[in-house]
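Trainee: below: sequence and its predicted model.
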Amino acid sequence: MFRKKRYRSMYLEKKKTVTPELFREILSWLFYTVAAVFVAFVLVICFGKRVRVIGESMEPSLYNSQSVLVDAIAYKLKAPKKDDVIVFLPNGNEKSHYYIKRVVAIPGETVRIEGGNLIVNGQTVVTEDREYDKMEEAGIAENDITLGNGEFFVLGDNRNSSEDSRSANIGVVKLSTIAGKAWFSYGTKEGKTGLVD
């Protein structure tokens, strides 16, 4: 009996009371945990979509089988601009794989391919930072295509190995079919990893 009282008194002595400092510390841990979960959720929603490059159409910028992270929020705030690399479903077809191409013309512009060159608004497009091969096939861009509101003309960087807006089954890309902006690539045997430019 003496032992029982002794253990009980030891237990009562060791029992801690909730002090204001302890309560603040618990609230602090709770706040940081909730904040971390929220930030993780936002990052997954914004940048969590991952697609795989299929084919050689974007070489040398992106390689076959490379993984690309997609910023799904970018085009909810502003429209794609020229030179952006976008990820889209052709004609919104949910059964298709995602395509990754570069925007070369935006709404209100007129596009044509003549003599293997890209012509936008009557001017041959010359790029200073990238060199593209002359296009062997003009496809539907053999004649002028005027882009309406929310329409974009896209091409692959490897122009002669690309199925893009020149193809009748893809055509102009509508804003509603764009999943987002390609922003980071990783995971190929070439070892190319980094921001998509």
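Mentor: Yep, it's here.
Trainee: can we go C-alpha only for contacts and neighbour counts from here?
Mentor: OK.
Trainee: now Ile119: how far from Phe23?
Mentor: 68 Å (Cα to Cα, to the nearest Å).
Trainee: please identify which of those two sits among more neighbours.
Mentor: Ile119 (20 against 10; other Cα atoms under 10 Å).
Trainee: what strand or helix carries the closest residue to the more buried one other than its chain neighbours?
Mentor: Counting by Cα to Cα, 6 or more residues apart in numbering, Arg112 is the residue found nearest to Ile119 once chain neighbours are left out, at 5.2 Å. Using DSSP states H and E, Arg112 maps to strand 110-114.
Trainee: thinking again about what came up before, any idea how far the residue nearest to Ile119 is from Asn158?
Mentor: Distance of Arg112 to Asn158, computed by Cα to Cα: 18 Å.
Trainee: these two - which one has more neighbours?
Mentor: Neighbour count, other Cα under 10 Å: between Arg112 and Asn158, Arg112 has more, with 24 against 21.
Trainee: pretty sure Val125 sits against Asn117.
Mentor: Yes: applying Cα atoms under 8 Å as the test, Val125 and Asn117 come out as touching, 7.5 Å apart.
Trainee: and these two? Which one has more around it.
Mentor: Under the criterion of other Cα under 10 Å, the comparison of Val125 against Asn117 puts Asn117 first, with 18 against 12.
Trainee: which strand residues bridge that one?
Mentor: Glu114 (DSSP bridges).
Trainee: pLDDT score for it?
Mentor: Looking at Asn117, its pLDDT is 91.
Trainee: any idea which strand is longest in this structure?
Mentor: Longest among the strand segments of the chain by residue count, using DSSP state E, is strand 178-186.
Trainee: rewinding a little: residues contacting the residue nearest to Ile119?
Mentor: Applying Cα atoms under 8 Å, 6 or more residues apart in numbering to Arg112 gives the contacts Leu118, Ile119, Val120, Ala138, Ala141, Glu142, Asn143, Asp144, Ile145.
Trainee: how many residues are close by the closest residue to Asn121 other than its chain neighbours?
Mentor: In space, and not counting its chain neighbours, Asn121 is closest to Thr110: 5.0 Å by Cα to Cα, 6+ apart. Around Thr110 there are 20 other residues, counting by other Cα under 10 Å.
Trainee: shift numbering so it begins at 15
Mentor: Happy to do that; since the first residue is 15 now, the last one works out to Thr124.
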